[in-house]
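1. The sequence isn't on hand, but the structure is:
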């Protein structure tokens, strides 16, 4: 399986960053193809809500930055793991910036999906999504629940499901095994 | 008089639907005797530092934003992260402002915004702030193309909410419910929408712009993989 890790940890010396490297090694040992995109090293100008990716150059962001690399990797993965520390009760602004720039992956048209109105798909297939969270000193169970609920909604809008959630305080091998099952 | 800090969290800044709506809430606030608000746009990097400073001294903060991938836009999250010292400050006895929010989305139903609403309510607790409520409103993108006249009812409701905030320090439940509109479509309505297959008003709006931009024939383009049919 092709697994892409979107690393939304802003701090390169954080323990959470080291954990992700270990997890990636374990996943590779399980014969998965793993690519990590270190979001902090990419140039992401952020979504400015211009809608050009829907209405002028359909499917493509008009900004010349690394967001196309992310979009391409996401669409060509079997599972995308959103990895982020919990900061002020939610995943990082860095990860959110990447997520905001995934809007070209869906179509502006609205369609009914599961009894709700959502955007129409642009692609024939979308990856499963997973969430790997690094708990902060002030993170509580409610923060994790709220964060998970929001990302489940994002998954639904990306024509996908959130098929895996873990907090990075567990054994990396155990998490890798679970993630492999989810993919 | 109570001070109000009005923060526009839309990446579109001054040209956003969020500021149009926030301005109406501010009008109601002033009509009810509240002080003229300080207005800052988080999309302008030069205003972020001031927005962080002003948070510490305002009586009430109203933060409005569009729903971006089911949550707050990245620049709003960055602002919230910059406010982390205010959590520590509240734990050492300082007070934080009353917090009110506005979340608007292009989806016709309000339910899409309820998840980030939970986050915002928790955020207020994190700051030790009084939580004044979150205005949730769908169908936001249509504001761009509609004459102001058509939105009269919405503007009135938003002004009412602003007045309630000034009078009571919080939004009224009934007005919040009214402004939210459709929470979720009923089963018969959703069946009807599925049969029609399209939401004509929304699609029509996009089609006009696609044609004007010369992008109509490319509208289903899928540059990174096989297209959905």
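-> Received the coordinates, thanks. A quick note: this is a predicted structure, and the numbers were derived from the prediction, not measured. Numbers count the residues shown, from 1 in each chain, chains lettered A, B, ... in the order given.

2. Is the most centrally placed residue in chain A in a helix, a strand, or coil?
-> The C-alpha lying nearest the average C-alpha coordinate of chain A belongs to residue A:82 (Cα atoms, centre = their mean; 3.3 Å). Under DSSP: H, G, I helix; E, B strand; the rest coil, the three-state class of residue A:82 is strand.

3. That one reaches residue A:4, doesn't it?
-> No: using Cβ atoms under 8 Å, residue A:82 is not in contact with residue A:4, being 9.7 Å away. C-betas here are computed from N, CA, C, even on glycine.

4. ok, back up a step: what sits against the residue nearest to the centre of chain A?
-> When contacts are counted by Cβ atoms under 8 Å, 6 or more residues apart in numbering or on different chains, residue A:82 touches A:6, A:8, A:91, A:95, A:99, A:129-132, A:151.

5. go again using 6 Å as the cut-off
-> A:6, A:131 (Cβ atoms under 6 Å, 6 or more residues apart in numbering or on different chains).

6. per-residue confidence for it?
-> Looking at residue A:82, its pLDDT stands at 98.

7. now it: how far from residue A:157?
-> With distances taken as Cβ to Cβ, to the nearest Å, residue A:82 is found 14 Å from residue A:157.

8. on that earlier part again, roughly how far apart are the residue nearest to the centre of chain A and chain B?
-> From residue A:82 over to chain B the distance is 11 Å, taken as Cβ to the nearest Cβ, to the nearest Å.

9. partners of that residue in the sheet?
-> The residues listed as beta-bridge partners of residue A:82 by DSSP bridges are residue A:6, residue A:131.

10. Next: residue A:37.
-> Beta-bridge partners of residue A:37, counted by DSSP bridges, are residue A:6.

11. And for it, the neighbour number?
-> Other residues near residue A:37 come to 20 when the count uses other Cβ atoms under 10 Å in any protein chain shown.

12. quick one: it from residue A:74, how far?
-> Distance from residue A:37 to residue A:74, by Cβ to Cβ: 9 Å.

13. what does residue A:27 give?
-> 17 Å.

14. Looking at the chain, which helix is longest?
-> Went with chain A since none was named. helix A:141-157 (DSSP state H).

15. oops, chain B please
-> Using DSSP H, we find that the single longest helix of chain B is helix B:152-168.

16. and after that one, which helix or strand comes next?
-> Per DSSP states H and E, the first helix or strand lying C-terminal to helix B:152-168 is helix B:173-180.

17. buried ones in that following helix?
-> B:175-176, B:179-180 (16 or more other Cβ atoms under 10 Å in any protein chain shown).

18. In terms of secondary structure, what does the helix or strand of chain A with the lowest mean pLDDT contact?
-> None of the helices or strands of chain A scores lower by mean pLDDT, DSSP states H and E than strand A:106-113, at a mean of 90. Here strand A:106-113 touches strand A:116-121, helix B:187-196, helix B:200-212, going by 3 or more Cβ pairs under 6 Å, 6 or more residues apart in numbering or on different chains; DSSP states H and E.

19. how about these in JSON lines, adding distance to residue B:139 and mean neighbour count?
-> Formatted as JSON lines, those follow (distance: least, Cβ to Cβ, whole Å; neighbours: other Cβ atoms under 10 Å in any protein chain shown):
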{"stretch": "strand A:116-121", "distance to residue B:139": "10", "mean neighbour count": "19"}
{"stretch": "helix B:187-196", "distance to residue B:139": "14", "mean neighbour count": "12"}
{"stretch": "helix B:200-212", "distance to residue B:139": "9", "mean neighbour count": "15"}
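
20. what angle sits between the least confident helix or strand of chain A and helix B:187-196?
-> Angle, strand A:106-113 to helix B:187-196, by axes from the mean of the first three to the mean of the last three Cα atoms, to 10 degrees: 130 degrees.

21. Next, the residues that contact stretch B:64-80 from outside, please.
-> Taking Cβ under 6 Å, 6+ apart as the rule, stretch B:64-80 contacts A:46, A:88, A:93, A:96-97, A:99-100, A:150, A:153-154, B:8-11, B:18, B:22, B:42, B:102-105, B:113, B:116.

22. What about the residues you listed, which are in strands?
-> B:8, B:102-104 (DSSP state E).

23. okay, among these, which ones form the most distant pair?
-> The distance between the two most remote of these (Cβ to Cβ) is 12.6 Å, for B:8 and B:103.

24. and residue A:3, that one's in a helix?
-> No: judged by three-state DSSP, residue A:3 forms no part of a helix; its state is strand.

25. Please name the residues that touch it.
-> Applying Cβ under 6 Å, 6+ apart, the residues near residue A:3 are A:27, A:32, A:34, A:79.

26. Could you report the neighbour count for residue A:91?
-> 24.

27. how much space between it and residue A:130?
-> For residue A:91 relative to residue A:130 (Cβ to Cβ), the value is 13 Å.

28. again, but for residue B:209
-> If you go by Cβ to Cβ, the gap between residue B:209 and residue A:130 works out to 35 Å.

29. what's the answer for residue B:71, then?
-> With the distance defined as Cβ to Cβ, residue B:71 ends up 17 Å from residue A:130.

30. Equivalent analysis for residue B:96, please.
-> 35 Å.

31. same check, this time on residue B:110
-> 28 Å.
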